[in-house]
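J.: coordinates only, sequence not included:
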């Protein structure tokens with residue numbers, strides 16, 4: 001029986017490329033998304049089951065897992081990919097935007113993880129791959145909500161990796177830097193702006209220009225998919241997989257500098 005992978009957020013970007021790669025490798029793929037009826041490309045590929053799943057709605061998660069198990073017999077791997085970035089000054093974002101960022105990126109991931117665990121325990125094995133970010137290791141101005149949601153994901157993933165190891169369930173993290181997908185364009189559309197916060201104008205304007213230059217060496221969605229395939233199939237104890245030269249540079253600095261030196265370094269980087 002072929003292995004089966006369930007992927008959240010498969011309609012675009014990283015999730016779509018992971019679905020395509022695993023289908024090409026002969027895996028059974030449950031490609032979940034909000035509106036599967038609109039999907040055209042993935043529906044033409046072999047071994048792909050399109051499923052409606054909203055990670056903020058537990059009933060859709062349960063339904064998709066049951067549908068996938070019924071269709072393919074079992075699920076071997078979960079990739080928690082669905083997420084978005086709320087950008088903007090912290091003072092500019094509303095409480096509702098704060099809550100929604102965590103509802104999707106953190107609580108949504110927890111919802112899907114919780115729902116799949118009984119199945120994994122039932123088959124005595126499983127793998128969970130959480131798509132995090134270099135922004136889960138490095139704080140960056142104007143994306144504090146996204147950063148903090150990914151910091152939370154990192155802590156959650158590390159903690160459960162220890163307890164789930166007792167059940168033969170592996171947890172791993174993928175940490176891309178910038179990725180050439182529609183992600184940043186969507187984030188720009190939802191950028192938090194408050195005209196009353198004119199005190200920040202000089203800073204935000206200058207930083208916006210600097211931010212655009214920080215994405216040299218970014219990865220493609222295909223590279224993230226390839227790294228995800230490696231993480232799932234290499235049978236190693238490696239926990240974190242960094243993708244993209246930009247991410248590798250940031251995390252290398254974070255890892256090899258002492259805390260104070262790194263903070264001072266980043267203050268210089270983000271000084272405008």
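T.: Yep, that arrived. Remember, predicted model here, so these are calculated numbers, not experimental data. Numbers count the residues shown, from 1 in each chain.

J.: Which parts of the stretch 1-150 of the chain are helices?
T.: For the stretch 1-150 of the chain, the helices defined by DSSP state H, counting those that start in this stretch occupy 13-24, 58-72, 95-102, 109-123, 144-165.

J.: Make a markdown table out of those and add mean neighbour count.
T.: Glycine gets a C-beta too; all of them are placed from N, C-alpha and C. Formatted as a markdown table, the helices of the stretch 1-150 of the chain follow (neighbours: other CB atoms under 10 Å):
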| stretch | mean neighbour count |
| --- | --- |
| helix 13-24 | 23 |
| helix 58-72 | 17 |
| helix 95-102 | 14 |
| helix 109-123 | 18 |
| helix 144-165 | 18 |
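
J.: out of the ones you listed, nearest to residue 233?
T.: Evaluated with CB to CB, the helices of the stretch 1-150 of the chain place helix 13-24 nearest to residue 233, the distance being 10.0 Å.

J.: so how far is that closest one from its chain's centroid?
T.: 14 Å (CA atoms, centre = their mean, to the nearest Å).

J.: which residues sit against that helix?
T.: Contact partners of helix 13-24, identified using CB atoms under 8 Å, 6 or more residues apart in numbering, comprise 5, 7-10, 29, 31, 33, 41-42, 45-48, 79, 81-82, 131, 176, 179, 181-183, 221-222, 224-226, 228-229.

J.: Can you flag the buried ones in these?
T.: Those of the contacts of helix 13-24 that meet the buried threshold are 5, 7-10, 29, 31, 33, 42, 47-48, 79, 81-82, 131, 176, 179, 181, 183, 221, 224-226, 228-229, by 16 or more other CB atoms under 10 Å.

J.: For the helices of the stretch 1-150 of the chain, give me a markdown table that also has distance to residue 171 and mean pLDDT.
T.: Formatted as a markdown table, those follow (distance: least, CB to CB, whole Å; pLDDT from 0 to 100):
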| stretch | distance to residue 171 | mean pLDDT |
| --- | --- | --- |
| helix 13-24 | 17 | 96 |
| helix 58-72 | 18 | 98 |
| helix 95-102 | 20 | 97 |
| helix 109-123 | 9 | 98 |
| helix 144-165 | 4 | 98 |
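
J.: low-confidence ranges in this protein?
T.: Along the chain, segments meeting pLDDT under 70 span 1, 181-189, 212-217.

J.: all strands of it, in order?
T.: 4-7, 28-33, 48-52, 77-80, 126-131, 169-176, 179-180, 219-220, 240-243 (DSSP state E).

J.: what's the distance between residue 199 and residue 91?
T.: Distance, residue 199 to residue 91, by CB to CB, to the nearest Å: 9 Å.

J.: Check residue 40 too.
T.: With distances taken as CB to CB, residue 40 is found 42 Å from residue 91.

J.: same question, residue 75
T.: Separation of residue 75 from residue 91 (CB to CB) stands at 43 Å.

J.: Excluding sequence neighbours, find me the nearest residue to residue 146.
T.: Distances taken as CB to CB, 6 or more residues apart in numbering place residue 85 nearest to residue 146, at 4.1 Å, with adjacent residues excluded.
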